[in-house]
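>>> just need the structure, nothing else, for what follows:
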Amino acid sequence: MGNNGFAGEYKRRKRRDIGFRIAVLVPAGVVVALLLLILAQVVVNGGRALNLDFFFQQQKPFGEVGGGIVQAIVGTLMVLVVAIVIALPLSLLTALYLYEHKGSKRADALLNVVNTLQGIPSIVIGVVIYTWVVVPLKTFSAFAGGIALSIVMLPLMISMIKESLDMVPASYLEAALALGVPRWRAVVEIVVPAAASGILEAAGLGIARAGGETAPLIFTAFGNPFLSLNFKAPVSALPLVIYEYIKSPYDDWHQKAWGAALLLVIFVLSLNLFIGTRKKR
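Predicted coordinates:
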């Protein structure tokens, strides 16, 4: 092949490289643009609702201007606390089982169950927890809402924690076993701490995943226009406020719905930023 042949081949490869770059960058740019447009819409509309009353006052009666959504902010924290208290230990123990029995038929079957659970619509989980918890207790509650959200969180957290445990070098465990350390102690005191950043990331993303769920809370927490700190009583939440307010005929409530959406976005972005900072350390 002469110089002209090499030059022609180089140009063809250069064109293909440019075409590939364009094919990758254009969709990526569209996704980034969509995210920025959504954030801009939420910030512009939601920023108008933010004031001290918004954060520290309860909902006003129907049709009355003013008030805030403190009941939803507190209610969101309550259901998420219940959810993470249930989901974190269950996720960690399940991931440890998958880690210790990787390759076995039982572990593969359990992993299939986890993957199947991830595909179940959240509204179905809400209906099931309504039947299992709300009906027997004869009341909607933050406790029931937290249980529903914990089930939503479980598949994501189990998968992420398992990946974090698998990424711990096998030499860590082998060295501990060679020194005569019992296997359970080596796993708990060496493998788990080594995967701590991944476990923290799983918890954060699980909370972010559940924080915006509306359907399960409709059937479990139900909503409450008043501030309540009782875990056995109905409570409000930011997704429920957005759902109820945005379909109302009142402009003031529409604005507060945008404000609640902005709080959710800030909450999720803050969690992701915190997780990213911890991972770099």
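>>> what about this structure, any weak spots by pLDDT?
Residues of the chain that meet the criterion pLDDT under 70 lie in 1-6, 278-281.
>>> could you point out the longest helix in it?
The single longest helix within the chain, with elements called by DSSP state H, is helix 3-47.
>>> tell me how many other residues surround the nearest residue to Arg183 once chain neighbours are set aside.
Distances taken as C-beta to C-beta, 6 or more residues apart in numbering put Leu177 closest to Arg183, at 6.4 Å, once the chain neighbours are dropped. C-beta: built from backbone N, CA, C; applies to glycine. Neighbours of Leu177 under the rule other C-beta atoms under 10 Å: 15.
>>> please begin residue numbering at 33 from this point
In the new numbering, first residue 33, that becomes Leu209.
>>> which neighbouring elements make contact with the helix or strand containing Leu209?
Assessed by DSSP states H and E, Leu209 sits inside helix 202-210. For helix 202-210, the elements it packs on are helix 215-218, judged by 3 or more C-beta pairs under 8 Å, 6 or more residues apart in numbering; DSSP states H and E.
>>> just the helices in this structure please.
Using DSSP H, helices in the chain cover 35-79, 84-88, 102-132, 137-150, 154-161, 167-169, 174-198, 202-210, 215-218, 224-226, 228-243, 247-252, 270-278, 283-312.
>>> so the longest helix of the chain versus helix 283-312, what angle?
Compare the direction of helix 35-79 with that of helix 283-312 by axes from the mean of the first three to the mean of the last three C-alpha atoms, to 10 degrees and you get 130 degrees.
>>> could you check how far helix 35-79 is from the centre of its chain?
In terms of C-alpha atoms, centre = their mean, to the nearest Å, the centre of helix 35-79 is found 28 Å from the chain centre.
>>> same question for stretch 229-240.
Here the centre of stretch 229-240 is set off from its chain's centre by 8 Å, with C-alpha atoms, centre = their mean.
>>> report the buried residues of that stretch.
Going by neighbour count (16 or more other C-beta atoms under 10 Å), the buried part of stretch 229-240 is Gly230, Ile231, Glu233, Ala234, Ala235, Gly236, Leu237, Gly238, Ile239, Ala240.
>>> for Gln91, see how far away the residue nearest to Thr246 when sequence neighbours are not counted is.
Spatial nearest neighbour of Thr246, chain neighbours left out: Pro271 (3.9 Å); criterion: C-beta to C-beta, 6+ apart. Remark: distance between Pro271 and Gln91 (C-beta to C-beta, to the nearest Å) = 15 Å.
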